[in-house]
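**Q** The following comprises the amino acid sequence and a computationally predicted model.
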Amino acid sequence: MVLDKKQVMRITLTLLTGMALLGCKNVDTPDDHKEDIKPNIVFILADDHAYQAISAYGSNLINTPNIDRIAQEGALMEEARVTNSICSPSRAVILTGKYSHVNGMMNNGTRFNTAQEIFPKILGRQGYKTAMIGKWHLFNNPEGFDYWDILPDQGHYYNPQFIRMGKDTVYNGYVTDVITDLSLNWIEKNKDQPFCIMVQEKAPHRNWMPPLKYLDKFNDKKFKLPENFYDDHEGRQALQRQLTSITGGYLDIRYDSKVSCDTCAVTDVNWWAPAEWKREIERLTPKERKVWDSAYAKEAQAFAKLKGEKEIIEWQYQRYLEDYLRCIQSVDDNVGRILDYLEDNDLAENTIVVYMSDQGFYLGEHGLYDKRYMYREAFRTPMMIRYPKKIPANQKIDAFTLNLDLAPTFLDYAGINIPQEMQGKSMKALLSSKEKDTVAWRDKVYYHYYEKSFGSTAHYGIRDKRYKLIHFYDPIDSWEFYDLKKDPTEMHNVYDAPENQQKIQELMAEMLKLQQQYGDEEAIKLNSK
Ligand code: CA
């Protein structure tokens, strides 16, 4: 077998970090002059990337070799969570290290107050060059970055419009490739000083438009339905009023399932987004459109033959997964480009690379697509961190880490004091070979979601290692309680069971403590409702 330069470098890097783990070199010992060099930071944020669709998390849906490299050469956070499972609020939590009720970004569509402190501003004041590239989604122009080139609002998959330092720009190509090109161009110009770049993907956000090269990928696969796909939501009032299930028929046949069949006699399926679909598909050039239409022509034919609601729903589930995973395959390729660039430029050793999503996502569990709920798949996010100089390779960390923890972690590694007001916790000790077994870490997570769009209900809750307590409060009022050991897929709300009352009272008390600690006054008032 002949190895190319990149493979040799990758193997060397893995061996070196592996040797450090075995004690050949203690990674935590300040090693001479190198200690003075501040680490670079490459933060890659996917949008709506479910951990169920990453092979490092054991996915059997897709192989993601490049994303997996970050975990293999660093740490896989197995129990990472978000404090509010929705796009814009999670981004604000990451930037500020503060809960939504403190940073003010409680819902999608709110304007982020850019005057407040965010970790890139602090890094900038300490000599870092900083950039924000891709999906910003905070309804304001970024402040506190040396350079920014962002998608307006949700952005487009094809030939996307960007706002570059306030100026409207259109780039030719597929959005995930464009974001990588822009990011690597910026790193190339700024790699001689400490830099921090936030590479924020649009993919794999709805409406899941894949790049042309992957339009046929997964065609030969038949995805198995999750065991709780046909969940009837019994005992869970909030789920009974949601508008984000595949089983409820809430996927648009054209916008989501890409049936470009204007002559099909479809009357009883969902067509909610004709304007949105037109807006997206018209961005393709005539040449791109030809390839696209040819790839999806067979879908229109297959769709025309479907009989009955169940057949349509199960077919839409297959279509959903195919396009979703095709988008992720392209994200994985582009993560590989970034990692290769760092290795080729001798930057890998001293660069912290994080890959995570702004939240988790449902891939048919409970019949759902989308996010929002404190149920497992949306609450839990993928998160992995590589920093060969300080973090031993091949670690699996099962502590509850949060999107809240990124800002303090980056500042800590950069040797900068973490502001008192930040509510997250630096993961540095957790990721260190010396301290990880003794570090005091949270064993409970507090969550608060505010948005009411798509039939969702505002709720807050607490999860410890075994139990989960949730209070849905607006527009309906209901409590839910789960024993995750007995019921890991959260199918049975056992809030009213007499044998659980003592545990529920204990969790209520723990939740109140966290609400007081984080200053969530609104929730404290709602507890007794
Ligand atoms: Ca998102």
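**A** Cool, got the structure. None of these values were measured; they are calculated from a predicted model.
**Q** Let me see the ranges of the strands in the chain.
**A** Using DSSP state E, the strands of the chain run over 40-46, 75-77, 129-135, 147-151, 161-164, 167-170, 195-200, 351-357, 383-386, 395-397, 445-449, 458-463, 467-474, 478-483.
**Q** okay, now Val199: neighbour count?
**A** 27 (other C-beta atoms under 10 Å). For glycine as for every other residue, the C-beta is placed from the backbone atoms N, C-alpha and C.
**Q** And it, how far from Arg241?
**A** Distance from Val199 to Arg241, counting by C-beta to C-beta, to the nearest Å: 37 Å.
**Q** and what of Ala509?
**A** From Ala509 to Arg241 the distance is 30 Å (C-beta to C-beta).
**Q** Give me the more crowded residue out of these two.
**A** Using other C-beta under 10 Å, the more surrounded residue of Ala509 and Arg241 is Arg241, with 14 against 9.
**Q** And the lengthiest helix in the chain, what's buried?
**A** Using DSSP state H to define each element, the chain has its longest helix at helix 308-344. By 16 or more other C-beta atoms under 10 Å, the buried positions in helix 308-344 come out as 312-336, 338-343.
**Q** Minimum distance to Tyr214: which of the strands of the chain has it?
**A** Closest approach to Tyr214 among the strands of the chain (C-beta to C-beta): strand 40-46, 16.0 Å.
**Q** Parallel or antiparallel, which strands does the closest one pair with?
**A** strand 195-200 (parallel), strand 351-357 (parallel) (DSSP bridges).
**Q** Which stretch among these approaches the ion most closely?
**A** strand 351-357 (7.0 Å; C-beta to the ion).
**Q** Could you break this structure into its assigned domains?
**A** 36-208+328-440, 234-321, 447-528 (automatic domain parsing).
**Q** is the ion contacted by the second one?
**A** No: when contact is scored as C-beta under 5 Å from the ion, no part of domain 234-321 falls within range of the ion; the minimum is 12.8 Å.
**Q** re the thing from before, reformat the domains of the chain as TSV; add mean pLDDT.
**A** Shown next, in TSV, are the domains of the chain (pLDDT from 0 to 100):
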stretch	mean pLDDT
domain 36-208+328-440	97
domain 234-321	88
domain 447-528	98
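**Q** out of those, deepest packed?
**A** Burial of the domains of the chain is given as mean neighbour count (mean count of other C-beta atoms under 10 Å); domain 36-208+328-440 ranks first at a mean of 21.
**Q** what's next to stretch 237-250, contact-wise?
**A** With contacts defined as C-beta atoms under 8 Å, 6 or more residues apart in numbering, stretch 237-250 is touched by 229-231, 233, 269-270, 309, 312-313, 316-317, 320, 362, 364, 366-370, 372-373, 454-457, 459, 472, 476, 478, 480.
**Q** for that stretch, how far is the first residue from the last?
**A** From its first residue to its last, stretch 237-250 covers 18 Å (C-alpha to C-alpha, to the nearest Å).
**Q** cool, stretch 440-448 as well?
**A** 24 Å.
**Q** Work out the gap between it and the centre of the chain.
**A** 19 Å (C-alpha atoms, centre = their mean, to the nearest Å).
**Q** related to what we said a few turns ago, next, format the strands paired with strand 40-46 as CSV and append distance to the ion.
**A** Listed next are the strands paired with strand 40-46 as CSV, based on distance: least, C-beta to the ion, whole Å:
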stretch, distance to the ion
strand 195-200, 10
strand 351-357, 7
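**Q** residues touching the residue lying closest to Gly364 once chain neighbours are set aside, list them.
**A** Using C-beta to C-beta, 6 or more residues apart in numbering and skipping the chain neighbours, the partner closest in space to Gly364 is Pro226 (4.5 Å). Residues near Pro226 by C-beta under 8 Å, 6+ apart: Leu363, Gly364, Glu365.
**Q** Could you do Asp177 as well?
**A** Pro211, Ser330, Asn334.
**Q** I'd like to know how far the last one sits from Tyr214.
**A** The spacing between Asn334 and Tyr214, counted by C-beta to C-beta, is 12 Å.
**Q** thinking again about what came up before, can you convert the domains of the chain into TSV and add a column each for distance to Asp220?
**A** As requested, those are arranged in TSV below (distance: least, C-beta to C-beta, whole Å):
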stretch	distance to Asp220
domain 36-208+328-440	14
domain 234-321	12
domain 447-528	28
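**Q** List just the one of those that sits closest to Asn219.
**A** Across those, closest to Asn219 is domain 234-321 (C-beta to C-beta), at 8.7 Å.
**Q** so how far is the closest one off the chain centroid?
**A** 24 Å.
**Q** Could you work out the end-to-end span of it for me?
**A** Per C-alpha to C-alpha, domain 234-321 runs 26 Å from first to last residue.
**Q** For the closest residue to the ion within the chain, give me its contacts.
**A** At 3.5 Å from the ion, Cys87 is the closest residue in the chain, using C-beta to the ion. Neighbouring residues of Cys87 by C-beta under 8 Å, 6+ apart: Asp47, Asp48, Asn108, His137, His205, Asp358, Gln359.
**Q** go with 6 Å
**A** Asn108, His137, Asp358 (C-beta atoms under 6 Å, 6 or more residues apart in numbering).
**Q** correct me, but the first one touches Ser90?
**A** No: checked against C-beta atoms under 6 Å, the pair Asn108 and Ser90 is beyond contact range at 10.0 Å.
**Q** What is the longest helix of the chain packed up against?
**A** In terms of contacts (3 or more C-beta pairs under 6 Å, 6 or more residues apart in numbering; DSSP states H and E), helix 308-344 is packed against helix 65-72, helix 175-190.
**Q** which non-adjacent residue is nearest His451?
**A** Quick fix: residue 451 reads Glu, not His. Asn107 (4.7 Å).
**Q** my read: the one you found touches Tyr449, true?
**A** No: Asn107 lies out of contact with Tyr449 (C-beta under 6 Å); the separation is 9.4 Å.
**Q** Look up how far Ser456 lies from the residue nearest to Glu451.
**A** Asn107 sits 11 Å away from Ser456, taking C-beta to C-beta as the criterion.
**Q** which residues are in contact with both of Asn107 and Tyr449?
**A** With C-beta under 6 Å, 6+ apart as the test, Asn107 and Tyr449 reach no residue in common.
**Q** still on that earlier bit, just the contacts of Pro226 that are near the ion?
**A** With C-beta under 5 Å from the ion as the criterion, those include none near the ion.
**Q** For the most centrally placed residue in the chain, which non-adjacent residue is spatially closest?
**A** When C-alpha atoms, centre = their mean is applied to the chain, the residue found nearest the centroid is Ser357 (1.3 Å). Nearest non-adjacent residue to Ser357, counting by C-beta to C-beta, 6+ apart: His49, 3.9 Å away.
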